[in-house]
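In: just to be clear, the model below is a prediction. Sequence and coordinates:
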Amino acid sequence: MTYGLTDEALEALGQQIMAGSGGAVSEVSVAYNELTLLADAARILPLLTYLRDDAACRFHQLVDLCGADYPERPQRFDVVYHLLSMTKNHRIRVKVRTNETTAVPSIVSLFPAADWFEREAFDMFGIYFDGHPDLRRLLTDYGFQGYPLRKDFPMTGYVEVRYDDEQKRVVYEPVKITEFRDFDFLSPWEGAQGAYGLPNADPKGG
């Protein structure tokens, strides 16, 4: 929420930013008393520089940077930046769009706090950030396959980890769906016999 501003004032601020952005902002929207800008990914650095340095904006603090996945779109990813102006007591959301292969310029040189945020977005979604000083996975293990927050990533993952007592080390293996993970969508009474070899159980006690 952008405190102290009406929706009309937020819309006016958005239009002012759009006019001063040199064409970097293509859309301004206000919803639930929050201002959102849709911007050109290639021009995110000059836009955020403008938002940080312009006297009417002064968004000096990067609060968050995250990804969002819309797999039905050609540009399936949003990169979302949340900025705060401590001077003006304003908040703003900036979105850019990209796909699996097109990198978004890193903003680490502008906001050093973006370092791990961008690494997390790369790790979880596979979004690339051009110019990042150390773009590697942050939350998953070395050798992890896939990107867990993509909507087409399977719930079971692709690889499972176990400790092999013979080899005395951790080994990676393809996920195996065993009989205990055979989801038959039956009720507990109906599924008990097939899953565990139990006799038929009558929920009425018969």
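Out: That came in fine, so what should we check first?

In: so how far is residue 114 from residue 26?
Out: Distance of residue 26 to residue 114, computed by C-beta to C-beta, to the nearest Å: 22 Å. Bear in mind the C-beta positions are built from the backbone N, C-alpha and C, glycine included.

In: what does residue 18 give?
Out: Distance, residue 18 to residue 114, using C-beta to C-beta: 23 Å.

In: tell me which of the two has more neighbours.
Out: Neighbours per residue (other C-beta atoms under 10 Å) separate residue 18 from residue 114, with residue 114 holding more: 21 against 18.

In: the more buried one and residue 66 touch, don't they?
Out: No - judged on C-beta atoms under 8 Å, residue 114 makes no contact with residue 66 at a distance of 11.0 Å.

In: who's in contact with the helix ranked longest in the chain?
Out: For the chain, the helix with the greatest residue count under DSSP state H is helix 7-20. Residues outside helix 7-20 that contact it (C-beta atoms under 8 Å, 6 or more residues apart in numbering): 2, 5, 25, 28-30, 33-35, 37, 50-51, 54, 56-57, 90, 92.

In: ok, 7 Å please
Out: Here helix 7-20 makes contact (C-beta atoms under 7 Å, 6 or more residues apart in numbering) with 2, 25, 28, 30, 33, 35, 37, 50, 51, 54, 56, 57.

In: try stretch 69-79
Out: Residues outside stretch 69-79 that contact it (C-beta under 7 Å, 6+ apart): 65, 67-68, 95-99, 104, 121, 125, 127, 149-152.

In: give me the ChimeraX select line for these, limited to the buried ones.
Out: Selecting only the buried entries of the contacts of stretch 69-79 in ChimeraX, with 16 or more other C-beta atoms under 10 Å as the criterion:
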select :65,67,95,96,97,98,104,121,125,127,150
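
In: so the residue nearest the centre of the chain is in which element?
Out: For the chain, the residue nearest the mean C-alpha position is residue 67 (2.6 Å; C-alpha atoms, centre = their mean). Residue 67 is located in strand 61-69, with elements delineated by DSSP states H and E.

In: could you point out which element follows that strand?
Out: Criterion used, DSSP H and E; the element after strand 61-69 is strand 77-85.

In: what's in contact with stretch 82-101?
Out: 1-5, 34-41, 44, 51, 57-64, 74-81, 104, 126-127.

In: just the buried ones from the residues you listed?
Out: 2, 5, 35-41, 44, 51, 57-59, 62, 76-81, 104, 126-127.

In: tell me which of the residues you listed fall in strands.
Out: 35, 36, 37, 38, 39, 62, 77, 78, 79, 80, 81, 104 (DSSP state E).

In: let me know the closest of the residues you listed to residue 135.
Out: Residue 135 has its nearest neighbour among those in residue 104, at 11.2 Å by C-beta to C-beta.

In: wait, the closest one sits on residue 132?
Out: No - counting by C-beta atoms under 7 Å, residue 104 does not reach residue 132; the two are 9.7 Å apart.

In: got a pLDDT number for residue 134?
Out: With respect to pLDDT, residue 134 scores 96.

In: can you check the one 4 residues further on too?
Out: Residue 138 is assigned 95 on the pLDDT scale.
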